[in-house]
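1. Need coordinates for the below:
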Amino acid sequence: MRTWDEAISVARDTESKALIHGVQAQMKKFSFLFGVYLAELVLRHTDNLSKALQCDTVSAAEAQDTAAMVMHTLQTLRNEEAFDLYGKRSLIVQKLLKLNSRNSLEKERYQAGSMMELGSMSITLNLKTYRHQEYYEALDLSVGCIKDRFYQPGYLVYCHLQNLKLKASQRKDFQ
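-> Below you'll find the model as predicted:
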């Protein structure tokens with residue numbers, strides 16, 4: 001947060017200072033921390049896939065196998081135990097950084113009535129339930145995007161042709 005303090009001291013106009021204060025205030029909230037760590041969790045695994053795909057010698061079939069491993073890893077994170085561990089880690093970091101604990105997983109309730117209305121009935125969600133949905137949705141979206149990319153009919157045909165060509169060049173049985 002020292003960076004923001006320095007930015008405020010350098011900023012000359014009040015509009016820039018107000019924007020810096022706004023960003024600083026958002027970064028002090030648990031929801032920001034939760035989102036950043038969730039992005040880090042997902043991107044850590046998808047970055048491994050990206051690095052593997054950038055290798056010059058990787059075949060389409062190997063890329064698909066790597067994608068399947070990354071999807072499997074992300075899917076193994078989609079359970080209560082992993083979510084609870086993730087939540088505990090976020091709370092520990094929140095305490096270390098001395099962030100606002102008013103809206104942590106443990107305390108605040110999330111009022112979704114203004115966003116979700118079923119007739120005249122508004123829905124109130126426990127914030128932990130909301131974070132739970134957010135966590136699962138991030139994992140599901142990541143897996144879905146990888147599936148969309150690597151399990152297209154044309155890509156599957158290309159993988160099979162590449163494997164056939166490889167086996168033929170090695171004089172192996174392609175059955």
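
2. show me where the protein has helices.
-> 2-10, 14-27, 30-53, 60-76, 80-97, 127-150, 153-169 (DSSP state H).

3. what residues does the shortest one touch?
-> Around helix 2-10, the neighbours that count as contacts under Cβ atoms under 8 Å, 6 or more residues apart in numbering are 17, 20-21, 23-24, 27. Heads up, the C-betas are built off the backbone N, CA and C, glycines and all.

4. Taking those residues, tell me the two that lie furthest apart.
-> Distance extremes for the contacts of helix 2-10: the farthest pair is Lys17 and Met27 at 15.7 Å, using Cβ to Cβ.

5. how about stretch 59-79: buried residues?
-> Within stretch 59-79, the residues that count as buried by 16 or more other Cβ atoms under 10 Å are 60-61, 63-64, 66-67, 70-71, 74, 77.

6. again with stretch 32-48
-> Buried residues in stretch 32-48 (16+ other Cβ under 10 Å): 33-34, 37-38, 41-42, 45-46.

7. can you count the residues close to Phe83?
-> 17 (other Cβ atoms under 10 Å).

8. So for it, what pLDDT did the model give?
-> pLDDT, Phe83: 90.

9. Pull the contacting residues for it.
-> 132, 135-136.

10. picking that back up, emit the ChimeraX select command for whichever of the contacts of helix 2-10 are buried.
-> Filtering those down to the buried ones (16+ other Cβ under 10 Å) takes a single ChimeraX command:
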select :20
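
11. Return the residues in contact with Arg171.
-> Counting by Cβ under 8 Å, 6+ apart, Arg171 has no contacts.

12. For Leu53, see how far away it is.
-> Using Cβ to Cβ, to the nearest Å, Arg171 is found at 29 Å from Leu53.

13. for the chain, which spans come out with low pLDDT?
-> Low-confidence segments of the chain (pLDDT under 70): 1, 99-127, 174-175.

14. and if we set it to 50?
-> 105-118, 120-122 (pLDDT under 50).
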